[in-house]
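what follows is a predicted protein model with its sequence.
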Amino acid sequence: MRRKRVENRPKGGVLAVIAMLMIGSAAIRIGLEAGPALAKGSDPAPSLARNSQPKQPGAQELLTELLRREDALKKREAALEDKEKALDIADQAIETRLAALQEAEESLRQTLAFAEKAAETDLTRLTDVYQSMKPKDAAALFETMDPGFAAGFLSRMPPDAAAGVLAGLSPESAYTISVIMAGRNAAAPQE
């Protein structure tokens with residue numbers, strides 16, 4: 001069931017009235033605000049254009065001071081821009097040097113790891129040589145070594161090989177080396 005349209009209703013009457021009111025309001029505003037603006041004319045400062053001297057006292061000094069300040073601000077701005085450029089250049093140089101230092105550090109780390117591995121290999125090989133010697137011959141050699149150096153080798157040897165070498169040493173040398181071996185890790189943290 002459709003509703004029938006009422007034919008005697010005015011079409012768009014309310015909307016037309018609202019639109020007319022808005023247009024009227026806009027016209028009134030333009031008329032009220034445009035008048036004073038047009039009365040002022042197109043020259044915003046007619047007294048300064050005709051006369052080089054402003055009519056207000058102290059205006060010339062104020063203008064001069066404002067111009068001086070503007071120049072000072074422009075100089076400051078230029079100096080700040082120069083400093084910013086210098087800082088950018090310094091940042092780039094620092095980044096380049098930092099990258100070079102990181103490369104050098106990595107290279108040094110690799111070299112140290114290689115040297116440490118080579119030294120460990122050499123010590124292991126020399127320890128194997130001493131342990132494969134007859135205990136009497138090794139003891140004669142260890143007798144002439146610095147006690148700390150000898151203790152390092154003996155601590156790397158298996159206990160039975162180290163015992164054979166220690167047995168062939170003089171009692172004083174054996175005691176000194178034993179004390180060094182026993183105290184080597186005494187200063188290590190317990191926890």
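It's in.

alpha carbons only for contacts and neighbour counts from here, please
Noted.

tell me the mean pLDDT over stretch 26-44?
Over the span of stretch 26-44, the pLDDT mean works out to 68.

kindly report the same for stretch 94-102.
Averaged over stretch 94-102, pLDDT sits at 94.

can you check stretch 154-163 too?
90.

buried sites along it?
154-155, 157, 161-162 (16 or more other C-alpha atoms under 10 Å).

ok, stretch 129-143 next?
In stretch 129-143, counting by 16+ other C-alpha under 10 Å, buried: 130-131, 135, 138-139, 142-143.

out of those, list just those in helices.
In helices, defined here by DSSP state H, the members of the buried residues of stretch 129-143 are 130-131, 135, 138-139, 142-143.

out of these, the closest to Ala119 would be?
Using C-alpha to C-alpha, Tyr130 comes nearest to Ala119 of these, at 16.4 Å.

can you tell me how far the residue nearest in space to the middle of the chain is from Ile89?
Centroid-nearest residue in the chain: Glu95, 10.0 Å away (criterion: C-alpha atoms, centre = their mean). Counting by C-alpha to C-alpha, to the nearest Å, the gap from Glu95 to Ile89 is 10 Å.

what does Gly148 give?
54 Å.
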